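1. sequence plus the predicted model coming up.
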Amino acid sequence: MNSVAEKKKIISDFIRQCNDYADGQVRKYQARLEQAGAMNALEIETKIYNWKVYKAFNIYTIEELKTDELDSWFT
């Protein structure tokens, strides 16, 4: 069985991959925003914002995984 440290590393690595995906989504929507008319711009800007918030939450989670705060979750 994996140790708590190994489990936390697996999860952190996965979350980093999620953030890489989020970065790609932000780039995709930013490219669309450049081509969008006024009617679609707000919807696209909202999607960009949501992906950025998702990534910020993930970064916070990775930082928490560096502490022992969540260790009890792994037992």
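-> Looks like it arrived, so ask away. Numbers count the residues shown, from 1 in each chain.
2. could you name the helices and strands sitting against the longest helix belonging to the chain?
-> When every helix of the chain is counted residue by residue (DSSP state H), the longest turns out to be helix 4-35. When contacts are defined as 3 or more C-beta pairs under 8 Å, 6 or more residues apart in numbering; DSSP states H and E, helix 4-35 packs onto helix 38-65. To be clear about C-beta, it is placed using only N, CA and C from the backbone, and glycine gets the same treatment.
3. rewinding a little: so which bits of the longest helix of the chain are buried?
-> By neighbour count on 16 or more other C-beta atoms under 10 Å, the buried set for helix 4-35 is Lys8, Ile11, Ser12, Ile15, Asn19, Ala22, Gln25, Val26, Tyr29.
4. okay if I get the residues you listed as CSV plus pLDDT and distance to Ile62?
-> Shown next, in CSV, are the buried residues of helix 4-35 (pLDDT from 0 to 100; distance: C-beta to C-beta, whole Å):
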residue, pLDDT, distance to Ile62
Lys8, 96, 9
Ile11, 97, 9
Ser12, 97, 5
Ile15, 98, 6
Asn19, 98, 8
Ala22, 98, 13
Gln25, 98, 18
Val26, 98, 18
Tyr29, 97, 23
